[in-house]
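> Please find the sequence and the predicted model below.
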Amino acid sequence: MKYNIDFEIFGSIIILIIIIFFKLKFDRQTESEKSFMRLAYIILIAQFTDMASAVTISIGGPKLALFNLLFDTVFFIVEVYMALFFIDYILISAYGKPVRKSRIILVFYGFIHTILLIFNLFFGFYFRFDFATGDYIHETWYYILYAIPGILAVAALIIILRLRRKFSSKQWISVSSFILFAVIGLILQGTLIPNIYLSFGLVTIAFLMIVFSLETPDYRKLMKTMQELEEAKRDAEEARSEAERANRVKSDFLANMSHEIRTPINSILGFDEVILRESKDKDITQYASNIKFSGKTLLTLINDILDFSKIESGNMEIIPVEYDLKNMITDQILMVANRASDKAIELKCEVDERLPRVLRGDDVRIRQIVTNLLTNAIKYTEKGEVVLTVRLEEAGNPAGIMISVKDTGIGIREEDQKALFGAFRRIDEKKNRNIEGTGLGLAICVSLLEKMNSELCLDSEYGKGSDFYFTLKQEVVDETPVGRFSIAEEENSRTVEITHDDFTAPGKRVLVVDDVKMNLSVFRQLLKKSGMIIETADSGGQALEMIRSSNYDIVFMDHLMPEMDGIETLKKGREEGIIDTDKVPVIALTANAISGARDMYTSVGFTDYLTKPIEISHLISMLVKYLFKEDHPYPCL
Ligand code: ADP
């Protein structure tokens, strides 16, 4: 029988041209290009072996029949690899990279198929050469060799259908037609026109479709760019999450460190307080005052770092509580009054008479912002004045309260103003070198205000002064106007604090609970002259034991302690019936003054709370308040 291989010759020439074209076009090949080239090569090899087989059969004769057998063997191997490479090409086109699992299956499949065909040469179960007659005989299993590519074509179709979403319609049509054309070619060749080698001609046409639709340089470039973009996006996302992780670690570290540093500072300030209280030597009291000033500055810095890391790690909460506006303003002014008078700066306060008396908001955080602005204003002003203005900008409930801190200081250049609100930013570093600061204050103010749905604004002129201001919406609790505000009157109306040395409470029994032994010692020293009986416990368990066996008039309990913290200790004591806060007040000691701290501590059963480092005046006020009720007033008052 003579076979017509014109289609196949046409096909191989086309494939050859495609290979040469792509070899010249792409020098740096992507995975997809590589798999496309592999497919082109294997089609070409399949065509050559198929043609060789057709030629040997056409010429005929026993010798050529043997060659025909060898060519057929190679052809059947290559044909299956063609299908496998095609599946690989689809997967790479869909995923942009080889799919390892599928590749292993494909290689395994090809390997078994190759081994079987090699075995066939010796055992002849698919087809064999009869050396006696010189005939090339097809065995019954021969049809399997056609069924295998058929099965693979179906597998490829299923894969294409399943990955449909990953292909564009253009891609989808091209790859499906490839299979369709290959199958149609095989069927036509096997049935209607057996003597015309048609199938590879059709495969070539289908391959051309892929070339013109998917493998055009422009399309390839586009795909490559998209792939690179995808990779860049992945890299950027990885880098972002890594940066976020590192930032979290940093924030946690800062939070831990600042917490750890606070403990010894508290002790230092506590003992310093003892020195101030006990020493009669003028020089020593001066040194101790200096230590107190520096210690407090250090504590402010540490608190800033702690706050900043809390804000960064998203752990900063705004806790609204009721607060008295007049009180807050007075506190703010009194807090910085000394610093201002030290520098001979006039400190003024302008308060809108219409402002409501009691508001609801996070007073601790508002105080923190205003204190920061006021201290900055004083820090960066050499002469002139600093004015705190509080104005009712919008009446109603909630009310719009505008707070401004204006100074006649060094001012800020326009170009520096934007950068100012970022963390760790300090400007005019050379000029301000001798002014202490971390550059965190304003960043904290900005973040806190953001949390309160407000923003920090700035009007400043370099060399003339600055005005930092913001407006807060605050719920009105008592709308009675604050009226005329005079800082001198406010100061005078405040209760006169008992001086340290005045306080005595002979025979009163106090229990102090704190896991830091230094703090216990400070407490003891501070009240040394009070005549009180001071006992100490360094854990919740020990405290409970002591309460069980003794009667106390008042208990001071640290909040954060290892094993059993202050809250747990109180709870356990109340459950056991050995602590009754109606009879014996239990005061929480805390290192962190957060908003609503009193509410928080009283809601869990404490009578009140006191912040660390312990200020002797606060401690004494607390003792007076709870040890000497109305029926037995404190003798000094
Ligand atoms: P710092 O701890 O350095 O004071 P801040 O965040 O509070 O940090 O302030 C950042 C920088 O802004 C300061 O270093 C200073 O240069 C500038 N600045 C802040 N307040 C004023 C002001 N009232 N007048 C002039 N410059 C100011």
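In hand now; what should we look at? A quick note: this is a predicted structure, and the numbers were derived from the prediction, not measured.
> can we go C-alpha only for contacts and neighbour counts from here?
Noted.
> count of neighbours near residue 279?
12 (other CA atoms under 10 Å).
> in what helix or strand does the closest residue to it other than its chain neighbours lie?
In this structure, residue 279 finds its nearest non-sequential neighbour in residue 285, 6.3 Å apart by CA to CA, 6 or more residues apart in numbering. Residue 285 is part of helix 282-312 when elements are defined by DSSP states H and E.
> about what we covered before: looking at it, the residue nearest to residue 279 is touching residue 274, isn't it?
No: Residue 285 is beyond contact range of residue 274, at 10.4 Å (criterion: CA atoms under 8 Å).
> so residue 474 sits in a strand?
Yes: under DSSP: H, G, I helix; E, B strand; the rest coil, residue 474 falls within a strand.
> what's across from it in the sheet?
residue 399 (DSSP bridges).
> which residues does it contact?
359-361, 397-401 (CA atoms under 8 Å, 6 or more residues apart in numbering).
> Go through the helix holding residue 285 and flag the buried ones.
285, 288-289, 291-292, 295-296, 299, 301-312 (16 or more other CA atoms under 10 Å).
> Please name every helix or strand in contact with the next helix or strand along the chain from it.
Heading C-terminal from helix 282-312, the first helix or strand you meet, by DSSP H and E, is strand 321-324. Packing contacts for strand 321-324, counted by 3 or more CA pairs under 8 Å, 6 or more residues apart in numbering; DSSP states H and E, involve strand 356-361, helix 363-379.
> for those, which one sits closest to residue 136?
helix 363-379 (96.1 Å; CA to CA).
> And the strands in the chain?
Along the chain, the segments classed as strands by DSSP state E run 127-130, 135-138, 321-324, 346-351, 356-361, 385-394, 399-407, 457-461, 465-481, 509-513, 533-537, 554-558, 586-590, 608-611.
> By mean pLDDT, show me the worst of these.
Here the strands of the chain differ in mean pLDDT, and the lowest is strand 135-138 at a mean of 78.
> Kindly export that one (C-alpha atoms) in CSV.
Taking only C-alpha atoms (Å, rounded to 0.1, in the frame of the first residue of the first chain), the coordinates of strand 135-138 have been written out as CSV:
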residue,chain,number,x,y,z
ASP,A,135,6.2,-9.7,7.6
TYR,A,136,5.4,-7.0,10.1
ILE,A,137,2.4,-8.3,12.1
HIS,A,138,0.0,-6.3,14.3
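> For it, name the packing helices and strands.
So strand 135-138, by 3+ CA pairs under 8 Å, 6+ apart, packs with helix 62-95, strand 127-130.
> how about it: buried residues?
By 16+ other CA under 10 Å, the buried positions in strand 135-138 come out as 135-136.
> Other residues contacting that strand?
62, 65-66, 69, 126-130.
> Drop the exposed ones from these and show what's left.
Counted by 16+ other CA under 10 Å, the contacts of strand 135-138 give 62, 65-66, 69, 126-129 as buried.
> which one of these is nearest residue 586?
The nearest member of these to residue 586, counting by CA to CA, is residue 126 at 95.9 Å.
> still on that earlier bit, from the contacts of strand 135-138, which two are the most distant?
62 and 126 (18.6 Å).
> Quick check: the residue nearest to residue 535 when sequence neighbours are not counted vs the ligand, distance?
Residue nearest to residue 535 in three dimensions, not counting chain neighbours: residue 511, with 4.9 Å by CA to CA, 6+ apart. From residue 511 across to the ligand, the span is 40 Å (CA to the nearest ligand atom, to the nearest Å).
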